[in-house]
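**Student:** Here you go, sequence then predicted model.
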Amino acid sequence: MKLVVKQPAEIARLPMEFGGVTTISNLVGIEVEARGLVPGAPELVAVGNLLASALTLELREGGAGERYLVTVTVDDAGGARAQDEVEVAVLDLAWAMPDGGAPMLTIAEFVQRFGLDETVRMTDERGDGRIGKDLLVGALTAAQAIVQAALGSRYTMPLADVPEIVKVWIGDIARARLYPNGAPDGIEAPAKAAQRALERIEDGKSSLPGATAAPPSDEGGVSFHSGGRAYPDALSGYVGGLRSYGR
């Protein structure tokens, strides 16, 4: 089943597939069922636009925090009936860094990568089946700060265009931070890999393609040399912080 994540005021458009049917002749009907997570939430408006034997679903409105199941039924050119379903999550997706900086990874991108069910499971402190935005934004903020601190020593921040690999690093680190008692191996390992990649960039052992190098410092005459990392394995401090400050 497809997942669509949209904001309440956003109009989302989604081409429907119907199991590969390419000759749709008639839109039979569209059913919208709210999950009931938000009592009194506004209805989701779903409209089908049929053009050149293909159907595009247009989604409007809906209540923040609510999820909807949309079922679309059509007939193909031969008269056979087909259905396609879409899960729609309406979320308040806006967030910013404490200094007002723009997010490198949006909530929608996080949910699309790790799935709505897992995101709810990791952040639903109230037990109402909804994403805990404060908890998720806290993890994203911390993860972006870690990435910015590492990249800022060599590149001009903010990045003009955020490379996909940077989004991956932020997502992996934020995901691990949502486990206050220690992330499972399959979740902790990508976060460690992200931290190692950032350390290589910070140490000048690798680069970030497409990023603009930071201008040289105007402060001359004095140089500093690092005496080495505080943690021999380069990551134990990060993992400890992850477990102590996850929430």
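**Tutor:** Arrived safely, thanks for sending.
**Student:** Can you get me a residue count around residue 55?
**Tutor:** 22 (other Cβ atoms under 10 Å). Any C-beta I mention is one placed from the backbone N, CA and C, and that applies to glycine too.
**Student:** residue contacts, the closest residue to residue 103 other than its chain neighbours?
**Tutor:** Once flanking residues are discounted, residue 103 sits nearest to residue 95: 5.7 Å by Cβ to Cβ, 6 or more residues apart in numbering. If a contact means Cβ atoms under 8 Å, 6 or more residues apart in numbering, then residue 95 has 103, 107, 133, 137, 140, 141 as its contacts.
**Student:** what about 7 Å?
**Tutor:** Residues near residue 95 by Cβ atoms under 7 Å, 6 or more residues apart in numbering: 103, 107, 137, 140.
**Student:** Kindly report the same for residue 190.
**Tutor:** residue 172 are the contacts of residue 190 under Cβ under 7 Å, 6+ apart.
**Student:** Show me what the mean pLDDT comes to for the helix or strand that contains it.
**Tutor:** Assigned by DSSP states H and E, residue 190 belongs to helix 185-202. Helix 185-202 shows a mean pLDDT of 95 in the predicted model.
**Student:** Identify each buried residue in that helix, please.
**Tutor:** Buried positions in helix 185-202, judged by neighbour count with 16 or more other Cβ atoms under 10 Å: 187, 188, 190, 191, 192, 194, 195, 197, 198, 199, 201.
**Student:** I'd like these as a markdown table, with distance to residue 30 appended.
**Tutor:** Listed next are those as a markdown table, based on distance: Cβ to Cβ, whole Å:
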| residue | distance to residue 30 |
| --- | --- |
| 187 | 37 |
| 188 | 43 |
| 190 | 39 |
| 191 | 41 |
| 192 | 46 |
| 194 | 41 |
| 195 | 46 |
| 197 | 45 |
| 198 | 46 |
| 199 | 51 |
| 201 | 48 |
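**Student:** List just the nearest of these to residue 214.
**Tutor:** Residue 214 has its nearest neighbour among these in residue 201, at 12.0 Å by Cβ to Cβ.
**Student:** The closest one contacts residue 152, doesn't it?
**Tutor:** No. In this structure, residue 201 is not within contact of residue 152 by Cβ atoms under 7 Å, at 10.5 Å.
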